[in-house]
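In: need the 3D shape of this:
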Amino acid sequence: MRKPLVSRGRLVGLGAVLALAVGLLLVAQALGPQGSQGGAARPAAPRDTWTGVERIVAVGDVHGDYAQFVKVLRAAGVIDEANRWAAGKTHLVQTGDVLDRGPDSRKAMDLLMDLEAQAARAGGAVHALIGNHEAMVLLDDWRYVHPGEVAAFGSAAAWRRAMGPDGTYGRWIRSHPTAIRVNDLLFVHAGIVPAVARRSLADINQTVLWEIQTREVTGLLGSEDGPLWDRSLVDGDEETVARQLDAILKRYGARRMVVGHSVVPDGRVTARAGGRLIMIDVGMAEYYGGPAACLVVEGDTLWEVRSPGLKRRIPLDEPAPAPASAPIPAPAPAPVLAPTSRAPLPGLPRRSPTGEAGCVADREPLRRAA
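Out: Residues are numbered from 1 along each chain as shown. Modelled structure (predicted):
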C-alpha cells in the first residue's frame, strides 16, 4: 500500500492556512483599496504646492456677498467688467467661507467655477480652500445658512442635494484642499498650529476630506485648534506666535502664513509677528460691513488692494494691532434655516448666536455628545 503524498495532519494545516488567507482577503476587500472603512476609499490628496508664480491675489471670507466679491476681484485686476478672467498667470487664492451669512453664495461659487477653467487656459490658477463654514454645510449644520442661499436652489431639498457628495457644488467643494503653499506663502483658512504641523500638507488635506466623507468631527475637522477653526495665531501674544510660526513655516518651506477666518478689527489686511502671519479677513461681507479688500503679492512686496482701486503697501515689521475688545458693528444676524429634522452634528466648535465679528468671538467648543 502506497503512502499518501500529503499526510492528514498536513492537509489540516493547509486548510487552516487557506481559510486564513480567504479571511484576510475578505477583510482587505471590506476595508477598501487604501485601508478605509465601509468599502469607501480615502479621498485622493489634492495638489498642495506651486512655485514660480509671479503674482498672487488672496481673498478672505466672502460669506454669500457676491457683489463685494466681484468688487474686490475687479479692483485687483482678476476679472474684467464682464466678470471674465483678466489676470493672465496670476494665482487667485480664496481662503474659504464662501458660504453662510449672505444670500448669494451660489453666484460666488458659480463665478469661482468659471474662473477656475478660464484661469487654467490663461496659465493662471484659482485655489478655493475649504473653510469651517463649508465643512458645516457639508455636514448638514445649517445654523448660519441664509434663507437666500436655499432660495437660490428652489427648496431645502434641492439645496441639500446640491451640497451632497454627488451634487455639483458639494462635489466641487470636496475636491478642494484645506492648505496649500504658493511660492513661499502658506495659505489656510484659520491657521496651522504646532500640533497640526506634524502633518504634511497632503496629510492635512486628505484627512479633512476623509473626515467630511465619514462625518468624523472629533479630529482635524472639528478641533478648535484645527486648520478650519484656530484663532490662537491671530490672538496669541506676539512673541509666542512669532516663535511658533518660525518652526511651522520652516516645516513647510514657507516664509509667511496667510489666513482668513478671524475678522481683522480695523478692516485692513494686517501683518503680525514680523510679517510671519498675514490676516486677510477684512469682514467684506454685508453681514460685517467691512471693505472689499484683498491681499496682492507681487514679488516680495505685499499690498492691500481695495475697491475702487486703492492700493496700500502692507508694513511687515510693525506689531499688529491688539485684538478688538468688541466685535465690529454688524447688521443683525441673518435668520437661521435649520436642516430638516436634523440637529447640528456634535463635535464642531459652537459658533456664538451673534456671529463671528472680531477676533474675540466664538470661543466655546461644541460639547461632545454624552
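In: can you map out the helices along the chain?
Out: Per DSSP state H, the chain has helices spanning 8-31, 66-75, 105-122, 132-138, 147-151, 156-163, 168-173, 201-214, 232-235, 238-252. These are given in chain order.
In: which helices and strands sit right next to the second one?
Out: Looking back up the chat, that one is helix 66-75. Contacts defined by 3 or more C-beta pairs under 8 Å, 6 or more residues apart in numbering; DSSP states H and E place helix 66-75 against strand 55-59, helix 105-122, strand 293-298, strand 301-306. Every C-beta, even on glycine, is put in place using the N, C-alpha and C of the backbone.
In: could the ones you listed go into CSV alongside mean neighbour count?
Out: Listed next are the helices and strands packed on helix 66-75 as CSV, based on neighbours: other C-beta atoms under 10 Å:
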stretch, mean neighbour count
strand 55-59, 24
helix 105-122, 18
strand 293-298, 23
strand 301-306, 19
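In: relative to Glu81, which of those is closest?
Out: Within these, the stretch nearest Glu81 is helix 105-122; the backing value is 13.7 Å (C-beta to C-beta).
In: so for Gly289, which of the helices of the chain sits nearest?
Out: Comparing the helices of the chain by their distance to Gly289 (C-beta to C-beta), the top pick is helix 66-75, with 10.3 Å.
In: quick revisit: can I get the helices and strands packed on helix 66-75 in a markdown table with mean pLDDT?
Out: A markdown table is the format used below for the helices and strands packed on helix 66-75 (pLDDT from 0 to 100):
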| stretch | mean pLDDT |
| --- | --- |
| strand 55-59 | 98 |
| helix 105-122 | 98 |
| strand 293-298 | 98 |
| strand 301-306 | 96 |
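In: save those as a markdown table, and put in distance to Pro177 too.
Out: Shown next, in a markdown table, are the helices and strands packed on helix 66-75 (distance: least, C-beta to C-beta, whole Å):
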| stretch | distance to Pro177 |
| --- | --- |
| strand 55-59 | 14 |
| helix 105-122 | 13 |
| strand 293-298 | 18 |
| strand 301-306 | 22 |
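In: out of these, which gets nearest to Arg161?
Out: Closest to Arg161 of the helices and strands packed on helix 66-75, according to C-beta to C-beta: helix 105-122, at 13.3 Å.
In: that closest one: how far from the chain's middle?
Out: Relative to the centre of its chain, helix 105-122 is centred 17 Å away, using C-alpha atoms, centre = their mean, to the nearest Å.
In: which one, of the helices and strands packed on helix 66-75, ends up nearest to Val137?
Out: Here helix 105-122 is closest among the helices and strands packed on helix 66-75 (C-beta to C-beta), at 8.9 Å.
In: residues making contact with the closest one?
Out: Contacts with helix 105-122, where a contact means C-beta atoms under 8 Å, 6 or more residues apart in numbering, come from 62-66, 69-70, 78-79, 83-85, 87-92, 94, 98-99, 125-126, 128, 146, 149, 152-153, 169, 172.
In: hey, C-alpha coordinates of it in PDB?
Out: These are the backbone C-alpha positions of helix 105-122, laid out as PDB (Å, rounded to 0.1, in the frame of the first residue of the first chain):
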ATOM      1  CA  SER A 105     -23.100  82.100  -2.200                       C
ATOM      2  CA  ARG A 106     -24.300  80.200  -5.300                       C
ATOM      3  CA  LYS A 107     -23.400  83.100  -7.500                       C
ATOM      4  CA  ALA A 108     -20.000  83.300  -5.800                       C
ATOM      5  CA  MET A 109     -19.400  79.600  -6.300                       C
ATOM      6  CA  ASP A 110     -20.500  79.800  -9.900                       C
ATOM      7  CA  LEU A 111     -18.100  82.600 -10.500                       C
ATOM      8  CA  LEU A 112     -15.200  80.600  -8.900                       C
ATOM      9  CA  MET A 113     -16.000  77.600 -11.000                       C
ATOM     10  CA  ASP A 114     -16.000  79.600 -14.200                       C
ATOM     11  CA  LEU A 115     -12.700  81.400 -13.200                       C
ATOM     12  CA  GLU A 116     -11.000  78.000 -12.500                       C
ATOM     13  CA  ALA A 117     -11.400  77.000 -16.100                       C
ATOM     14  CA  GLN A 118     -10.600  80.400 -17.500                       C
ATOM     15  CA  ALA A 119      -7.500  80.900 -15.400                       C
ATOM     16  CA  ALA A 120      -6.200  77.500 -16.300                       C
ATOM     17  CA  ARG A 121      -6.500  78.300 -20.000                       C
ATOM     18  CA  ALA A 122      -4.600  81.600 -19.400                       C
END
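In: still on that earlier bit, who wins for proximity to Val282 among the helices of the chain?
Out: If we rank the helices of the chain by C-beta to C-beta, the stretch that ends up nearest is helix 66-75, at 9.0 Å.
In: can you pull the alpha-carbon coordinates of stretch 296-310 into CSV?
Out: Included here for stretch 296-310 are C-alpha records, laid out as CSV according to Å, rounded to 0.1, in the frame of the first residue of the first chain:
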residue,chain,number,x,y,z
VAL,A,296,-1.9,91.1,-3.6
VAL,A,297,1.6,89.7,-3.7
GLU,A,298,3.9,90.9,-6.4
GLY,A,299,7.4,89.6,-6.0
ASP,A,300,8.5,90.2,-2.4
THR,A,301,6.0,93.1,-1.9
LEU,A,302,2.7,92.7,-0.2
TRP,A,303,-0.2,95.1,-1.0
GLU,A,304,-3.7,95.6,0.2
VAL,A,305,-5.9,96.4,-2.7
ARG,A,306,-9.5,97.6,-2.1
SER,A,307,-12.3,98.8,-4.3
PRO,A,308,-12.4,101.2,-6.1
GLY,A,309,-8.7,100.7,-6.8
LEU,A,310,-6.9,101.9,-3.7
